[in-house]
Each structure stands twice: as structure tokens, then as C-alpha cells.
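> predicted coordinates and the sequence they were generated for:
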Amino acid sequence: MQDNISPTPQLKANKALGQHFLRDQRAIAKIAMAVPEGASAIEIGPGPGAITHALLQRVGSLTVIEKDNRFASIWAEHAIEQTKLSVVHGDVLKVLKETVAQTQPEWITGNLPYNISGPLTAQLTSHSLSGGMVLMYQREVGDRIMAGPGSKTYGGLSVLARHHYHVKRLLLLPPGAFSPPPKVHSVVLLFTPHGETPPCSFEALQKTVRKGFAHRRKTILNNFKGSLTADDFIAIDIDPRSRAEQLDYATWTRITKAYNSTG
């Protein structure tokens, strides 16, 4: 028997929650296929379940995190009969850490709400998963995450994503792939663990990156004024006149260790 929830016309996308439901069948299949058979997974924002149905045919266990009362109720009813499915009803920004700790997923996937994709990605990339993540973004955010040093779109998310993962683009989707269509293109990114031991903690890196990118036009020395001196930067082989967007992940970890040792 195929797992399914029949779409109900009255359950329209909630603009306040940034909902745009994926309906492109080839994209749905490709996202699901990126998660290995038998894996344990979390899906963020299942909504009416386009990706969820496909995942349930593959995974060993699936936990869905749903904020929308309407869909959370439907999935909770479905989970009564579907033993591999569990439901967390809540705001993903508030419940993600606890849910990951409790379920220990190998994979996380989801069509992320556009209005919280930045802070949510900062949370998601803090988790070192054994499998990886398959996440959908509006194209602008996806480009920021994938950007390299020297790019105008390179920023804090670009650095944080590299702490545990390699990132590549899996799909580029037009507005018509969704209902309702967003005003922008969307991308699906595949986060794969690089397997290297990070030289600093994620929390320390995030604190450092936040300070370092606070004023993009300022030099790195000016952004850390009062915390690190020109000599401190020179000692770790960094030109203090550099700007934040010029510095790669490895350089940011050196700054992190120096910055956090001061205070």
C-alpha cells in the first residue's frame, strides 16, 4: 500500500510561513533519491507531502518537523498507522537541536521556508551528520551558501557551510515547479560531509564570522578593533588590510582561534 495523503484544496500555502509547495515530479524524485535507502532522516516542513511520500518509500525512519497546525495534524494522524513516521509539531528554529539530538538522523532534507532560510541554515550546518543534507532554497540564498572567497555574495553562510560539508548544486528549479509559484528561481543543494576534523568549534566560528562580516567595507583589522591587533593578524599569516569576503574557510578558522583566545 502506497503511503499518501490526498491533497486537499482548502489547505493553501500560508504566505506568512513562506510556503511554496513543490509539484515538479522529477525534482521530487531526484531529492528523494539523494537520500539512501534505509537511512534515518528528518524532513523540514513537509506541508502536503510531495517529498514526504517519496521519502517514505525509501527511508528506514522519517521525522517530520511541521509548524503549520493544519499539516501537523494530518501527519500526526498518518503516523498512527505508519510506524516509520514520527511528527514534531513546532517551529524548526526552536525544535531542531532537540529533534536532532533525540532522533540522531543520518540525513536532513526539506523545502526550507524562504523567510527563515538564513538563520535556519546556520543551525543546520552546525550539525555534523553521517549522511548529509538535501535542502531547497531560493536561488539567491543558495548562491550565497555556495559562493567562494572574492565573490560579492560570499559571506558568513558560505564559511559556516564549509565547517562540516562540501556543497554542490543538485537542481535549479523555475517558479513554475511550485504552487504557488515564487517570484524567484530555487535551487536544491547537496551537503556532503568532508570527513575532516574541524580546527575549531562551530559556535566559536559563528561568533567570529558574525563579527568579521559585520561591516563588509571595513578591513578585517577594523572589524576586530579592540580584540585583535595588526600584529595578531600578521602572526597568523593574514594581511590585516584584507576584507572579510577575501578570506577562505581555513583563514577564518585561524582568526577564530586567535579571537577566542583573547576573550
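Looks like it came in fine.
> show me what contacts Leu22?
Ile28, Ala50, Ile51, Asn111, Met136, Leu173, Ala177, Phe178 (Cβ atoms under 8 Å, 6 or more residues apart in numbering). For the C-beta atoms, the positions are set from N, CA and C on the backbone; glycine is no exception.
> who's in contact with the fifth one?
If a contact means Cβ under 8 Å, 6+ apart, then Met136 has Leu22, Ile31, Gly110, Asn111, Leu112, Leu173, Ser186, Val187, Val188, Leu189 as its contacts.
> and the third one, by the same measure?
Shown here is Ile51, whose contacts under the criterion Cβ under 8 Å, 6+ apart are Leu22, Ile28, Ile31, Ala32, Glu43, Thr109, Gly110, Asn111.
> hmm, 10 Å instead?
21-22, 27-29, 31-32, 35, 43-45, 64, 109-111, 134, 136 (Cβ atoms under 10 Å, 6 or more residues apart in numbering).
> pLDDT weak spots in the chain?
1-20, 262-263 (pLDDT under 70).
> what ranges do the strands span in it?
All strands of the chain, identified by DSSP state E, fall at 21-22, 40-44, 61-66, 85-89, 107-111, 132-138, 165-173, 178-179, 186-193.
> and the last one, what does it pack onto?
Under the contact criterion of 3 or more Cβ pairs under 10 Å, 6 or more residues apart in numbering; DSSP states H and E, the helices and strands touching strand 186-193 comprise helix 25-33, strand 107-111, helix 117-124, strand 132-138, helix 139-146, strand 165-173.
> still on that earlier bit, so which of the strands of the chain gets nearest Ser242?
strand 165-173 (23.3 Å; Cβ to Cβ).
> tell me the strands beside that closest one, with direction?
Using DSSP bridges, the strands paired with strand 165-173 are strand 186-193 (antiparallel).
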